[in-house]
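Colleague: here are the coordinates; sequence isn't available:
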């Protein structure tokens, strides 16, 4: 399964491509055109027209929303204490390590290699020597790398939380600039109405950025607690595993 560490670099490429495309003058001109009725007054727009009126920035915000949903779904499936650090596996492995049955411990860990516990035990057993602390260093490095990867996975959500509102603000500013440029070209009788409609549509970008950022922030807060719980359990388990493997 492709994890979020693989998704994010591709996401950056698509993000830049959409931003360049959305900034094209022809696209901006079409997407920000005010729909006018027969009397040259703005008419009520559908939801799709409203979103489209936000301009090229809305394309990028939409992409960020899809990326955020993908990361959230992946983390919901993967960030589970029972999957990453199951107590049953720990108890079985500790029983085999304490009885010095290292072969059985390796076999069990290879079957459960998707768990952090199995990776730590295998790293220690592969580097186990009676003369130095290579096993301890290997297990500590493995635990550090696995936990760092978990934190890195959820950090992408915090990046989206920071970027989405800024993109929304950028879209709003650009939309207001275009609205103020369009108003002087109209007759005095409809300037106020056109200006209000233009500003209203420009605010769609800010609202969309917040709609993406708020759920992403809630998800990030939840996953941060999950990762911290896994970190605490792994640190506790690692201490016992290191003692069992290094027990001579």
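Modeller: Arrived safely, thanks for sending. These numbers come from a predicted model, not from an experiment.

Colleague: Which secondary structure element is home to residue 204?
Modeller: Using DSSP states H and E, the element containing residue 204 is helix 191-246.

Colleague: let me redo that: residue 128
Modeller: Mapping residue 128 onto the secondary structure by DSSP H and E places it in no helix or strand at all.

Colleague: Can you give me the distance of it to residue 85?
Modeller: Distance of residue 128 to residue 85, computed by CB to CB, to the nearest Å: 21 Å. (Each C-beta comes from the backbone N, C-alpha and C, glycine too.)

Colleague: Between the two, point out the one with more neighbours.
Modeller: The residue with more neighbours, out of residue 128 and residue 85, is residue 85; 24 against 15, by other CB atoms under 10 Å.

Colleague: Excluding covalently adjacent residues, which one is nearest to the more buried one?
Modeller: Leaving out its chain neighbours, the residue that sits closest to residue 85 by CB to CB, 6 or more residues apart in numbering is residue 233, at 4.7 Å.

Colleague: ok, how many other residues are close to that neighbour?
Modeller: Other residues near residue 233 number 18, with proximity taken as other CB under 10 Å.

Colleague: From residue 117, how far out is it?
Modeller: Using CB to CB, one obtains 9 Å as the distance from residue 233 to residue 117.

Colleague: Name the residues contacting each of the two.
Modeller: In the contact map built from CB atoms under 8 Å, 6 or more residues apart in numbering, the residues linked to both residue 233 and residue 117 are residue 85.

Colleague: What distance do you get for residue 145 to residue 116?
Modeller: According to CB to CB, residue 145 stands 10 Å off from residue 116.

Colleague: my bad, residue 149
Modeller: 10 Å.

Colleague: Which one of these two is surrounded by more residues?
Modeller: Using other CB under 10 Å as the criterion, residue 149 and residue 116 rank with residue 116 on top: 24 against 13.

Colleague: give the contact list for the more buried one.
Modeller: Here residue 116 is in contact with 84-85, 143, 146-147, 230, 234 (criterion: CB under 8 Å, 6+ apart).

Colleague: Check the burial of residue 170 by counting its neighbours.
Modeller: Based on other CB under 10 Å, the number of other residues close to residue 170 is 18.

Colleague: Please look at it and residue 57 and confirm they touch.
Modeller: Yes: between residue 170 and residue 57 a contact is recorded at 5.9 Å, counting by CB atoms under 8 Å.

Colleague: quick one: residue 59 and residue 179, what's the gap?
Modeller: Looking at residue 59 against residue 179, where the rule is CB to CB, the gap reads 20 Å.
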